[in-house]
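J.: sequence-free structure coming up:
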RNA sequence: GCCGGAGUGGCGGAAUUGGCAGACGCGCUGGACUCAAAAUCCAGUGACCGCAAGGUCGUGGAGGUUCAAGUCCUCUCUCCGGUACCA
């Protein structure tokens, strides 16, 4: 009995496609064709296998690709694996087995599942970030970044060899030059805190630390500085922000990225604190006068000096309202500014702050805390002394790590001032922006006002509006050498090293002296020596020191000798983000062992035309990848300033009860089980039918059953289920479609084509259901109409479409059949039904010719039997006739 | 708190961007087929009033603009996602 049986036809067609290499993409787009690069965010191959969320985006791009091939486009549609990651390393620590073994087993499982779903990937391009042949080029790109400095004037990255060396540096000798260059590289080293857990003998990621103790085992964790690699993504902040305007991304995601970059403009201002030895205010006023005249000559200093506290503010117009200052607990001036009586309290406070993670510092700190240093700074605009406090609501990592506090016009400062009874001086008059009562409170320092207004208590500036004041005072400060216009970003430089084994090794060598100590000189591994593979380890257990696990690599790996010099390899590894920053480029030329990607191929296929993935990567992955891409663009490796032209975020698939799917809730749907019961076509179709791609939507088993029923109906439309052998339904006839049949067919073609273009797959499927409903009711179904329908169905449910296509007598795949074209002449209705309203309420319907104009429409409505009845004795005030839509009579009486 | 997104039948969701609200699917009800069930097919299915013809209400809530509002404006409530003292 030839019933619809996905379990037999799906493997059959998957084997067919593989054997005939149906979906292998050309090396270059075929001449004269449009190119389409459709990309899925490649998965991390976890041990749990594919989640139902994965096939959602994957099916969407697959539909687009399959349709595009039939429309004659050159399509590249690859898949791979983002396979570095912590779980494999943890498994390795537990079992002693190399993480590669588990990683490859997981990849094999993912590959099986992906193939089971019938995606039209070009599997010959498959790659994994853990492939040595791949990360060789990840390392190569790192070296490009390492070899680049950012020319702020030209706003672009340039080779380090082109970095101008100032004369004083040049005079200081070669080491000074090298140090100067290293300081300017986009990849540079710094000391940054890590979460060191002595009990586990390893460094933990932020997610692994909860409330100061390790998530695993519950051991204490301390934050300690360690040498790390940073990537200067902040140098590209402006370009990363500006270039968002040119890409076709959801506005929400663009906004998310803009906020993440968080550009703000304001001023840096120096507050005089006196030379280190002179201490607090006593003799300071004399020093202040001296300093003022010195600054008048020198102007604002490029780098901050020891005799001033440099602050950043977005509100230089509130300078007269600064009643205290705050520096971060980690600020280098804390000790020198703390007077003896405050020393104990200060030490306790700093220790406490150091023990807190960034998270604790914000989330738990409902109440503001801080300690007075005992010292004062002098406000450059009026010479008055301002007390300096230390408080952890000021972050060392933003701006200068120091602020002037203006409690009258900043919520946080206001809160702090109330807590510690500090004076509050209003310097912005809100005017009528608030109620008169509130205005009085603001001016009395009893209420905080952060908006714009008019300057008050600000000397000669009184009366200026906020915007004017900002501008005026910033230039005044600049001319006196007290301040300058400044820009800041929330975006931080990218901490690029991890203390892990299972990641890309850095292609960096540290020079050693005769005693085996690092000289501080660093060199890149020569390009021809790439890749730097991971070394053999006997086991993966932590060695108990904060240094990365690679520190216990064998000497022949760890200590290479080049030109007679002994080096120690960099033992940090790259974070998981690294591999996903450029995989879209490698997919275009995955086996090239001469270059990362052939520039001719790159130019032909880039940018990615459609990039689909989860919104969880809306910020970091996309920002990091864009950053790398821009560096590669500046260095001439790629030809486009942006990698991803159109971006779509698929919505989350929730459990049946509208909650997140999770193991602990026990509501996880396994794609293997769905395929076993209903087949891959039903899974694909259901995930597309659930609702709009971008929306979050709950899973429904009955819904899966529903689309499965549709595929069954489509099957019976064409196949005689009751026959002994596979044969077409007797209703299939070889004749021209009638006008009605053609109208249904061509409307279906029109809507499905348009819906695929706009990624409205749910409505496309509805249209195909309407088609089957119509033809199921027909006892004659023209073969040509059925064939067109199968072509429309094939991107969504490719296996069953192929099988039915074959049943209709075709002996090869429909994957390259021309996409059906809708003929507008055939979609036209002869006559249409028009609603006739009285005062906006439908009172009758009339049948008119389809291209009846407004006048004729109104006339037809007036003469309608029911209308004449209803309009009797009423006055028509106005008649509105909209051709093709409705007629509305506005009546009185 | 701030920033996004969304609220439409019993459920998932459609609605030429201002023009007949509820396409399509699920579920439900009735019928056909069957000894029976499943499957399948046919019909119905927003609520309320009515024997019916027909009418009234109806897109989270309250106002407004308009001949006409799910769609535009103002206020407001709820849910989801992101973010967290960025000076």
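T.: Here it is on my side, so go on. It should be emphasised that the depicted structure is a prediction, and the values quoted were computed from it without experimental measurement.

J.: which secondary structure elements does the host helix or strand of residue A:746 contact?
T.: Assigned by DSSP states H and E, residue A:746 belongs to helix A:739-757. Under the contact definition 3 or more C-beta pairs under 8 Å, 6 or more residues apart in numbering; DSSP states H and E, helix A:739-757 sits against helix A:53-70, helix A:761-776, helix A:783-793, helix A:824-827. The C-beta positions use only the backbone N, C-alpha and C, and glycine is treated the same way.

J.: any chance of those in a markdown table, plus mean neighbour count?
T.: Formatted as a markdown table, those follow (neighbours: other C-beta atoms under 10 Å):
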| stretch | mean neighbour count |
| --- | --- |
| helix A:53-70 | 23 |
| helix A:761-776 | 19 |
| helix A:783-793 | 23 |
| helix A:824-827 | 12 |
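
J.: take these and lay them out in JSON lines including mean pLDDT and distance to RNA strand B.
T.: Shown next, in JSON lines, are those (pLDDT from 0 to 100; distance: least, C-beta to the nearest atom of the strand, whole Å):
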{"stretch": "helix A:53-70", "mean pLDDT": "97", "distance to RNA strand B": "13"}
{"stretch": "helix A:761-776", "mean pLDDT": "95", "distance to RNA strand B": "4"}
{"stretch": "helix A:783-793", "mean pLDDT": "96", "distance to RNA strand B": "13"}
{"stretch": "helix A:824-827", "mean pLDDT": "90", "distance to RNA strand B": "11"}
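
J.: switch the ones you listed over to CSV; also include distance to residue A:486.
T.: Shown next, in CSV, are these (distance: least, C-beta to C-beta, whole Å):
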stretch, distance to residue A:486
helix A:53-70, 41
helix A:761-776, 49
helix A:783-793, 58
helix A:824-827, 60
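
J.: of all those, which one comes closest to residue A:386?
T.: helix A:53-70 (54.0 Å; C-beta to C-beta).

J.: tell me the contacts of the closest residue to residue A:643 other than its chain neighbours?
T.: What sits nearest to residue A:643 in space, not counting adjacent residues and going by C-beta to C-beta, 6 or more residues apart in numbering, is residue A:629, at 4.4 Å. The contact partners of residue A:629, taken as C-beta atoms under 8 Å, 6 or more residues apart in numbering, are A:581, A:582, A:638, A:640, A:641, A:642, A:643.

J.: so which of those residues is the closest to residue A:706?
T.: For the contacts of residue A:629, the nearest to residue A:706 is residue A:643 (38.7 Å; C-beta to C-beta).

J.: the closest one and RNA strand B, how far apart?
T.: 22 Å (C-beta to the nearest atom of the strand, to the nearest Å).

J.: quick one, phi/psi of that residue?
T.: phi -80, psi -30 (degrees, to the nearest 10).

J.: likewise residue A:611?
T.: Per degrees, to the nearest 10, the backbone of residue A:611 is at phi -120, psi 120.

J.: and the strands in the stretch 301-450 of chain A?
T.: Along the stretch 301-450 of chain A, the segments classed as strands by DSSP state E, counting those that start in this stretch run A:308-313, A:324-327, A:371-378, A:385-390, A:402-405, A:428-429.

J.: now those strands as TSV including mean neighbour count and distance to residue A:683?
T.: Converted to TSV, the strands of the stretch 301-450 of chain A look like this (neighbours: other C-beta atoms under 10 Å; distance: least, C-beta to C-beta, whole Å):
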stretch	mean neighbour count	distance to residue A:683
strand A:308-313	23	54
strand A:324-327	25	57
strand A:371-378	23	61
strand A:385-390	22	58
strand A:402-405	25	55
strand A:428-429	23	60
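
J.: let's have those strands in JSON lines, adding distance to residue A:784.
T.: JSON lines is the format used below for those (distance: least, C-beta to C-beta, whole Å):
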{"stretch": "strand A:308-313", "distance to residue A:784": "72"}
{"stretch": "strand A:324-327", "distance to residue A:784": "78"}
{"stretch": "strand A:371-378", "distance to residue A:784": "85"}
{"stretch": "strand A:385-390", "distance to residue A:784": "82"}
{"stretch": "strand A:402-405", "distance to residue A:784": "75"}
{"stretch": "strand A:428-429", "distance to residue A:784": "76"}
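
J.: on that earlier part again, helix A:783-793 and the helix holding residue A:746, what's the angle between them?
T.: 10 degrees (axes from the mean of the first three to the mean of the last three C-alpha atoms, to 10 degrees).

J.: mind putting the strands of the stretch 301-450 of chain A into JSON lines with distance to residue A:27 and mean pLDDT?
T.: Formatted as JSON lines, the strands of the stretch 301-450 of chain A follow (distance: least, C-beta to C-beta, whole Å; pLDDT from 0 to 100):
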{"stretch": "strand A:308-313", "distance to residue A:27": "52", "mean pLDDT": "95"}
{"stretch": "strand A:324-327", "distance to residue A:27": "59", "mean pLDDT": "96"}
{"stretch": "strand A:371-378", "distance to residue A:27": "65", "mean pLDDT": "93"}
{"stretch": "strand A:385-390", "distance to residue A:27": "62", "mean pLDDT": "94"}
{"stretch": "strand A:402-405", "distance to residue A:27": "57", "mean pLDDT": "96"}
{"stretch": "strand A:428-429", "distance to residue A:27": "64", "mean pLDDT": "92"}
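
J.: compare those and give me the one nearest RNA strand B.
T.: Of all these, it is strand A:308-313 that lies closest to RNA strand B, at 3.5 Å by C-beta to the nearest atom of the strand.

J.: strand partners (parallel or antiparallel) of the closest one?
T.: Applying DSSP bridges to the sheet, strand A:308-313 is found paired with strand A:264-272 (antiparallel).

J.: avg pLDDT for the strand it pairs with?
T.: Across strand A:264-272, pLDDT averages out at 94.

J.: show me what counts as buried in it.
T.: A:266, A:267, A:268, A:269, A:270, A:271, A:272 (16 or more other C-beta atoms under 10 Å).

J.: hmm, back to that, tabulate the strands of the stretch 301-450 of chain A in TSV, adding columns for distance to RNA strand B.
T.: Conversion of the strands of the stretch 301-450 of chain A to TSV gives the following (distance: least, C-beta to the nearest atom of the strand, whole Å):
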stretch	distance to RNA strand B
strand A:308-313	4
strand A:324-327	8
strand A:371-378	14
strand A:385-390	12
strand A:402-405	5
strand A:428-429	13
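
J.: for residue A:892, find the nearest of those strands.
T.: strand A:428-429 (55.4 Å).

J.: which strands border that closest one, and is each parallel or antiparallel?
T.: For strand A:428-429, using DSSP bridges, the partner strands are strand A:454-455 (antiparallel).

J.: shaky segments in the stretch 201-350 of chain A?
T.: Low-confidence segments of the stretch 201-350 of chain A (pLDDT under 70): A:207, A:210-211, A:276-284.
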